[in-house]
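**Q** Could you look at this predicted model? Sequence included:
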Amino acid sequence: MSGTMVASWNPEEVLPLSFYERETTLVAKELLGHYLFHRHPEGMVAGRIVETEAYLGQNDPACHSCRGITPRCKSMFGTAGRIYVYIIYGMYYCFNITTDMPEVPAAVLIRALEPVEGIEIMRKRRGKNKLRDLCSGPGKLATAMGFDKTFDGQSLLTGPVGVSPGKLSPEERIITAPRIGISKAVDWPLRFYLAGNQFVSKK
DNA sequence: GATTGGATCGCCT
DNA sequence: GGCGATCCAATCG
């Protein structure tokens, strides 16, 4: 046995509804270190979550649900632990996880993953070779993971996409910072990422 | 029906 | 660091 600690994860075990059905900021922080996977006919792809952002619902001016329910953001309304996917800039998808109690239309944007499985599939989908270029941004990881609008509304507890438990190593620290790319509530500290991690989207 | 802007990325300088 | 791509969705009328 070598002394190397190999990160392990098990797609048969997924985070329960009670994990997601809590205040969104807490869920966004605690998602760091867990494993997002997609069981696809082409093969399993998975990554370790290293960067997230919280979108708090109707009192958050940057959240799509802040002006009430629309066709785009309807998935944030209702049960937690489901997928919210929307199209951004006409060309990319953003993958979110719905959170909090059913009456709170909130979600966590997954902004970056460390690729851990199905890396050749990711390379093919992205047309990029370097590990750091595969999932280091919300649009990139959606492409690499094979997510599109058809996943909108699906459950993370029963379907081909889910989150499996992982751990932070003792030396890993969480950085809190303002969210990226928004024009409202620009200084709200709702972005979370692992300090020094090479797979986060921006320093 | 028209207008406007966007939770991004990649290429260019 | 700057900017164009590209088109959907929300808003206004």
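**A** It's in.
**Q** Next to DNA strand C, which bits of chain A? Give me the list.
**A** A:64, A:67, A:70-73, A:86-87, A:89-91, A:149 (C-beta under 7 Å from any atom of the strand). (Each C-beta comes from the backbone N, C-alpha and C, glycine too.)
**Q** how about those in JSON lines, adding secondary structure, pLDDT and distance to A:Leu15?
**A** JSON lines is the format used below for those (DSSP: H, G, I helix; E, B strand; the rest coil; pLDDT from 0 to 100; distance: C-beta to C-beta, whole Å):
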{"residue": "A:His64", "secondary structure": "helix", "pLDDT": "96", "distance to A:Leu15": "23"}
{"residue": "A:Arg67", "secondary structure": "helix", "pLDDT": "92", "distance to A:Leu15": "30"}
{"residue": "A:Thr70", "secondary structure": "coil", "pLDDT": "93", "distance to A:Leu15": "28"}
{"residue": "A:Pro71", "secondary structure": "coil", "pLDDT": "92", "distance to A:Leu15": "28"}
{"residue": "A:Arg72", "secondary structure": "coil", "pLDDT": "94", "distance to A:Leu15": "25"}
{"residue": "A:Cys73", "secondary structure": "coil", "pLDDT": "96", "distance to A:Leu15": "23"}
{"residue": "A:Tyr86", "secondary structure": "strand", "pLDDT": "96", "distance to A:Leu15": "22"}
{"residue": "A:Ile87", "secondary structure": "strand", "pLDDT": "95", "distance to A:Leu15": "26"}
{"residue": "A:Tyr89", "secondary structure": "coil", "pLDDT": "93", "distance to A:Leu15": "30"}
{"residue": "A:Gly90", "secondary structure": "coil", "pLDDT": "91", "distance to A:Leu15": "32"}
{"residue": "A:Met91", "secondary structure": "coil", "pLDDT": "93", "distance to A:Leu15": "30"}
{"residue": "A:Lys149", "secondary structure": "helix", "pLDDT": "95", "distance to A:Leu15": "24"}
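**Q** Could you export those as a markdown table, including neighbour count?
**A** Output for these, formatted as a markdown table (neighbours: other C-beta atoms under 10 Å):
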| residue | neighbour count |
| --- | --- |
| A:His64 | 19 |
| A:Arg67 | 10 |
| A:Thr70 | 10 |
| A:Pro71 | 5 |
| A:Arg72 | 15 |
| A:Cys73 | 21 |
| A:Tyr86 | 18 |
| A:Ile87 | 14 |
| A:Tyr89 | 8 |
| A:Gly90 | 5 |
| A:Met91 | 7 |
| A:Lys149 | 11 |
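**Q** Tell me which stretches of chain A form strands.
**A** With DSSP state E as the criterion, chain A has strands at A:35-40, A:43-55, A:83-88, A:92-99, A:106-117, A:161-164, A:174-177, A:191-194.
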